[in-house]
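Predicted structure and sequence below. I'll ask about it afterward.
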Amino acid sequence: MKVTFGLNNVHIAPLDLSTNTYGTIFALPGAVNLSIDAEGEESNFAADNNAKYFSRYSNNGYSGSLEVALFNEDFLTEILGQIKDRNGALIENINATNTPFALMFEVDGDVEHRRTVFYNVSASRPSVEASTTEESIEVQTESVDITCGGHPTTGDVKASLLSTDTGYSTFFDSVYQKTV
């Protein structure tokens, strides 16, 4: 793969921290942008007049944002803890707790398609934004801030598969787990 483009096929799997297992996977359509940066710091040890006699970077996961056309009801209820009442209204309560999740997605490329999973993701609530329609329609999107850490038992942060790899065709059936 020489270049990447085309974010699509975003899927979410809630992570149950009491059992460290994933719940039912659901699609999150309308992917617009995923922007995440590696987190970590360099640690240096000086010896023999060398400031970097020993140097190592820590892996503190990733942080960034996920932008979609509109967060669906599954994401709002399963991940953000909103409740749907008998009238069909989605209720956000100040005492709701967010559920961590696996974030699975595909990125197209010039030759290969790459599917990636981040194993332990947490998300903020989306901001609300709307504007009036003027001469043309300007679509408003929603985004959440996300942090991606290691799985509570394995420590795995992410995995990626190319279309030629084993497990690619069943990638969205269950959260990919490494084979040793």
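Received the coordinates, thanks.

going forward, measure contacts between C-alpha atoms and count neighbours the same way
OK.

From residue 152, how far out is residue 20?
Distance, residue 20 to residue 152, using Cα to Cα, to the nearest Å: 7 Å.

and residue 75, that's in a helix?
Yes: counting by DSSP: H, G, I helix; E, B strand; the rest coil, residue 75 is part of a helix.

I'd say it and residue 25 touch.
No: with contact defined as Cα atoms under 8 Å, residue 75 does not reach residue 25; the gap is 10.7 Å.

Between these two, which contacts overlap?
Applying Cα atoms under 8 Å, 6 or more residues apart in numbering, one finds that residue 75 and residue 25 are jointly contacted by residue 12.

Need the per-residue pLDDT for residue 96.
Residue 96 is assigned a predicted lDDT (pLDDT) of 93.

Leaving out chain neighbours, which residue sits closest to it?
Spatial nearest neighbour of residue 96, chain neighbours left out: residue 81 (5.3 Å); criterion: Cα to Cα, 6 or more residues apart in numbering.

The one you found: what secondary structure?
Residue 81 ends up coil, using three-state DSSP.

Tell me which residues touch it, please.
92, 96-99.
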